Every structure is written in structure tokens, then in C-alpha cells.
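Q: Okay, predicted coordinates and the sequence, questions at the end:
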Amino acid sequence: MKFAVLVFPGSNCDIDCYKAVEDTIGQKVDYVWHTATDLSGYDAILVPGGFSYGDYLRCGAIARFAPVMNAVREAAEAGKYVLGICNGFQILTEAGLLPGALRRNRNLKFICRQAPLEVVNNRTPFTNQYASGEVIRIPIAHGEGNYYCDEETLERLKANNQIVFRYANGDNPNGSVYDIAGICNEQGNVVGMMPHPERAVDQLLGSEDGKRMFTSILSAWRERHGAAVNG
């Protein structure tokens with residue numbers, strides 16, 4: 001399996017994503033610059049966190065026009081796996097690959113800490129190794145993670161089982177509607193989330209609960225391609 005980690009001017013979690021793939025599941029991974037126009041050689045695309053283009057205008061508002069985003073859209077339409085983390089989530093919403101928008105945190109402050117997440121949908125390629133309803137600990141680090149959508153969109157997300165993660169135990173750090181921490185598209189192959197699973201792949205980091213996101217992707221890819229799962 002081959003992963004692409006996109007790199008925009010201002011990305012700062014690209015190395016974390018690269019190392020999570022390399023060290024956690026040992027698969028091929030490349031950095032792909034924002035000027036690239038072809039992602040056909042990759043099975044999964046990671047859109048990392050950071051401050052793409054300095055977060056000018058709005059978070060992700062400029063990055064969504066980068067040449068590579070046309071290739072991301074084509075990959076998503078082809079059923080490939082696309083994961084947007086933090087700023088990557090913001091970029092995916094700005095690009096229309098996921099519904100809703102990310103606004104300033106309710107307290108208007110940057111928040112950086114561990115957060116408890118409930119796994120709402122464990123039937124995506126990104127969550128198949130979690131239990132439904134399981135509470136995991138994944139760090140957050142954002143100033144604009146307040147997920148918003150209108151009531152009609154929220155009802156559609158609920159009906160289609162597109163809510164993947166919610167902040168658990170009444171611990172909503174940013175004011176997100178319905179405590180939403182991550183969602184997917186209707187097909188389930190595109191996921192955006194504010195918490196950082198790539199920062200939770202080893203107990204030395206305070207949690208290894210993010211590790212199973214990467215093993216889930218590999219498991220889904222192997223199942224799709226009829227490959228034997230080793231270990």
C-alpha cells in the first residue's frame with residue numbers, strides 16, 4: 001500500500017503523518033508537494049495539520065485552490081482513502097469534499113490537550129479496528145475546530161451515519177455542534193477530524209489510541225485487494 005502526505009506552505013504535521021505510517025504500519029509513504037497534479041499512484045492521501053498558507057482569509061480557504069486538490073477530488077471519487085486531520089479537515093470542508101465548516105473555538109483560544117473521543121461509526125476504512133461506542137484518547141491542537149453545519153445537514157449526517165467521532169463524556173472543547181469531532185462523506189472513504197491520531201501512536205506520546213486508525217486503513221486496503229493480513 002502506498003500513502004501520500006500532502007505538504008502545503010505552512011503544514012507542520014506532515015512529518016508526524018509520515019512517521020506514523022512508516023513506523024506504525026511500515027507501508028510506503030511519500031511527501032507530495034501542493035503543486036502536484038497526479039495522485040494516481042497512491043492508495044491513501046493524508047492531508048495533515050498545520051497552518052496552510054498562514055491560515056489567511058480562513059483556515060484552508062487558500063489551500064483548497066492548490067493544484068493538488070483537484071487530484072485529491074479525483075482520488076476521492078475513485079474510492080481511494082482520504083484523511084484530513086485538523087487543518088486537513090478544514091481544507092476538505094473548504095474544498096466541498098466534506099459538508100459543514102470549522103469556526104473559531106467557542107472560547108476564542110487555541111487548545112492543545114488530550115481529548116476523549118467516542119467512536120460513533122466503526123464501519124469506515126479508518127475505524128474498522130475500533131469498537132462502536134469505544135472511548136479513546138486523542139490529542140487536539142487547534143484554534144478553529146468548532147464544527148458547524150445547519151440543522152438539515154446535521155440530520156443528514158446522522159441519518160447516513162457520517163458522524164465518525166464525537167467528543168465524549170461531556171468534554172466538548174470547542175463548541176462543535178452535536179459534539180462532532182470527525183465526519184465522513186456518504187461513501188465513507190473521506191474522513192475529516194480535528195484530533196490528531198498521528199500524535200497518538202505510542203504510549204510515549206501519552207496515548208497509542210491513534211495507531212488503530214492506520215492499521216484500520218491498511219486492513220481495509222488489504223481486504224479490498226484480497227491480500228492476506230499479516231499480524
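A: Yes, it's here.
Q: for Gln114, phi and psi?
A: Main-chain dihedrals, Gln114, degrees, to the nearest 10: phi -70, psi 150.
Q: Kindly provide the distance from it to Ile138.
A: 7 Å (CB to CB, to the nearest Å). No exception for glycine: its C-beta is placed from N, CA and C like everyone else's.
Q: what's the answer for Glu74, then?
A: Distance from Glu74 to Ile138, by CB to CB: 29 Å.
Q: Give the burial count for the residue lying closest to Arg106 once chain neighbours are set aside, as a bare number.
A: In this structure, Arg106 finds its nearest non-sequential neighbour in Gly175, 3.1 Å apart by CB to CB, 6 or more residues apart in numbering. By other CB atoms under 10 Å, the residues close to Gly175 number 15.
Q: Pick out whichever of Glu74 and Ile138 has more residues nearby.
A: More crowded of Glu74 and Ile138, by other CB under 10 Å: Ile138, with 24 against 14.
Q: Go ahead and list the helix or strand containing Thr93.
A: Remark: Thr93 resides in helix 87-94, with elements defined by DSSP states H and E.
Q: how much distance is there from that helix to the middle of the chain?
A: 9 Å (CA atoms, centre = their mean, to the nearest Å).
Q: and the next helix or strand after that helix, what does it pack onto?
A: Counting by DSSP H and E, the element after helix 87-94 in chain order, helix or strand, is strand 101-103. For strand 101-103, the packing partners by 3 or more CB pairs under 8 Å, 6 or more residues apart in numbering; DSSP states H and E come out as helix 87-94, strand 146-148.
Q: For Ser176, which residues are in contact?
A: Neighbouring residues of Ser176 by CB atoms under 8 Å, 6 or more residues apart in numbering: Gly145, Asn146, Tyr147, Tyr148, Tyr167, Met194.
Q: can you rerun that using 6 Å?
A: Asn146, Tyr147 (CB atoms under 6 Å, 6 or more residues apart in numbering).
Q: Next: the one 5 residues further on.
A: For Ala181, the set of contacting residues under the criterion of CB under 6 Å, 6+ apart consists of Leu117, Phe165, Arg166, Tyr167, Met193, Met194, Pro195.
Q: Distance from the chain centre to the helix or strand containing it, please.
A: Following DSSP H and E, one finds Ala181 within strand 180-184. Centroid separation between strand 180-184 and its chain, computed with CA atoms, centre = their mean, is 9 Å.
Q: what are the pairing partners of that strand, and which direction each?
A: strand 163-167 (antiparallel), strand 190-193 (antiparallel) (DSSP bridges).
Q: sorry, back to before: I'd like to check the angle between the helix holding Thr93 and strand 180-184, please.
A: Going by axes from the mean of the first three to the mean of the last three CA atoms, to 10 degrees, helix 87-94 is angled at 60 degrees with respect to strand 180-184.
Q: And helix 87-94, what does it pack against?
A: Using 3 or more CB pairs under 6 Å, 6 or more residues apart in numbering; DSSP states H and E, the elements in contact with helix 87-94 are strand 190-193.
Q: next helix or strand past the strand it packs on?
A: Next helix or strand after strand 190-193 toward the C-terminus (DSSP H and E): helix 211-224.
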